[in-house]
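>>> just the structure for this:
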Amino acid sequence: MPKPSHLAVLGVAKEVTPGTPVAATKWVPYKTLTPKDDVNLIEDVGQRGAPVDNFGQYAGQKGAELDLGGDVFADTIGWLLASVLPDLVTTGASAPFSHVFSTLCTGDTQPTPQTWTIFDPLGTWQYPGAQFSELGFKWNADGLFEWSAKAQTWPYATTTTPTPSFTSVAPVANWNITCKLATVNTFVQDGELTIKRNMTVIRGAAGTQNPYRIWTGDVSVEGKLTLVMEDSAQRTIFQAGTAQAFDVVYSQGAGAAQNGLALHCSQVAYTEGTPSYGKEYIELPVTFKAIGNVTDIGASGGYSPIKATLTNAIASGTYK
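Next up is the predicted model:
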């Protein structure tokens, strides 16, 4: 008998030891959930006097990939932000707390590894050692503020049946989002912002099929916007190669229930910016890339291309 996919749930927890699975401490509503198990079989192609190209297959090293996505909730999105921007400073004596995420420029510069758990009618599958290579945000005139992410993990392990529970925080409607260019409120029809990290799965001959570490490298930020071209100001900025600040902000609720997210890049430069005449009004689709700077940094100093400020009722020490 088939098993219903809509009964699958997704959970997350931070790890103490990279690659050692831990039980989920938070359950994350999702829209996209695509695990991919990497089983790198090794072929025996040694010729044996026969027109055959494969004389055996043997177990190689293992791992997994996760392709995830969903709507932004101001509590659960913190685990994703910590997975790419691990310089985290939390302030506040009580809710609402403020969590500021930025590029970690000291120590090993690595995010804290996470275990992502999929619990479905067939079992409970833990994907440990997760490191993320990409976290993207997307918004437009309709629907809800969305995120998507890609991760590399160690091979899955099975565990006992959990008891999921879900956030009571509301998602955010896209109309509630404010965008700013050079600190000025700007009408944006739709937009995307993606935080990326280079990633290497370090493997060797060490008596195990597991990776030695999943290692993340440089942080970059890129995105695209569709602007209504009321004047030529932004096209001129593109032509001049001028960098400017960019913000994506939302806030909702009040008092201890206040929650929101602010993505701030002090310097972004357009990489494309040509008018479009395909509609009954002129649009200016632009793409941009953020520049590392000393304004968007956290406690570790250095440089960062972005600073993300998350407001919610989650206390310090939860995400990292």
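>>> from here on, just use CA atoms for contacts and neighbour counts.
Will do.
>>> for residue 106, what are its contacts?
300, 301 (Cα atoms under 8 Å, 6 or more residues apart in numbering).
>>> quick one: the helices in the chain, in order.
77-84, 233-240 (DSSP state H).
>>> as TSV, these with distance to residue 50 would be great.
Shown next, in TSV, are the helices of the chain (distance: least, Cα to Cα, whole Å):
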stretch	distance to residue 50
helix 77-84	51
helix 233-240	63
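>>> please name the residues that touch the most centrally placed residue in the chain.
For the chain, the residue sitting closest to the mean C-alpha position, by Cα atoms, centre = their mean, is residue 135 at 2.4 Å. Applying Cα under 8 Å, 6+ apart, we find residue 135 in contact with 80, 81, 84, 147, 148, 149, 150, 194, 195, 196.
>>> which among the residues you listed gets closest to residue 62?
Nearest to residue 62 among the contacts of residue 135: residue 150, at 17.5 Å, using Cα to Cα.
>>> so what's the residue count around that closest one?
19 (other Cα atoms under 10 Å).
>>> ok, for it, nearest residue in space, not its chain neighbours?
residue 67 (4.7 Å; Cα to Cα, 6 or more residues apart in numbering).
>>> any idea how far residue 219 is from that neighbour?
19 Å (Cα to Cα, to the nearest Å).
>>> who has more neighbours out of those two?
Comparing residue 67 with residue 219 by other Cα under 10 Å, the one with more neighbours is residue 219, at 20 against 16.
>>> pLDDT score for the residue nearest to the centre of the chain?
Looking at residue 135, its pLDDT is 98.
>>> please tell me how far the nearest residue to it once chain neighbours are set aside sits from residue 239.
In space, residue 135 comes closest to residue 149 once its chain neighbours are excluded; the distance is 4.4 Å by Cα to Cα, 6+ apart. Per Cα to Cα, residue 149 is found 32 Å from residue 239.
>>> residue 1 now?
61 Å.
>>> of these two, who's got more company?
residue 239 (14 against 3).
>>> which residues are in contact with that one?
With Cα under 8 Å, 6+ apart, residue 239 has no contacts at all.
>>> next: residue 7.
120, 121.
>>> follow-up on the earlier one: just the buried members of the contacts of residue 135?
Listed as buried from the contacts of residue 135 are 80, 81, 84, 147, 148, 149, 150, 194, 195, 196; burial here means 16 or more other Cα atoms under 10 Å.
>>> can I get those in JSON lines including pLDDT and distance to residue 285?
Shown next, in JSON lines, are those (pLDDT from 0 to 100; distance: Cα to Cα, whole Å):
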{"residue": "80", "pLDDT": "98", "distance to residue 285": "28"}
{"residue": "81", "pLDDT": "98", "distance to residue 285": "27"}
{"residue": "84", "pLDDT": "98", "distance to residue 285": "27"}
{"residue": "147", "pLDDT": "98", "distance to residue 285": "21"}
{"residue": "148", "pLDDT": "98", "distance to residue 285": "22"}
{"residue": "149", "pLDDT": "98", "distance to residue 285": "24"}
{"residue": "150", "pLDDT": "98", "distance to residue 285": "26"}
{"residue": "194", "pLDDT": "98", "distance to residue 285": "16"}
{"residue": "195", "pLDDT": "98", "distance to residue 285": "20"}
{"residue": "196", "pLDDT": "98", "distance to residue 285": "21"}
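>>> now flag whichever of those residues is closest to residue 50.
Nearest to residue 50 among the buried ones among the contacts of residue 135, with distances taken as Cα to Cα, is residue 150, at 43.3 Å.
>>> which strand residues bridge that closest one?
residue 67, residue 134 (DSSP bridges).
>>> separation between residue 244 and residue 180?
The value you get for residue 244 to residue 180, if Cα to Cα is used, is 10 Å.
>>> the residue nearest to residue 135 touches residue 69, doesn't it?
Yes. At 6.1 Å, residue 149 counts as touching residue 69 under the criterion of Cα atoms under 8 Å.
>>> for the closest residue to residue 194 other than its chain neighbours, list the residues it contacts.
Here the nearest residue to residue 194 in space, its sequence neighbours aside, is residue 136; by Cα to Cα, 6+ apart that works out to 4.0 Å. Applying Cα under 8 Å, 6+ apart, one finds that residue 136 lies in contact with 147, 148, 149, 192, 193, 194, 195.
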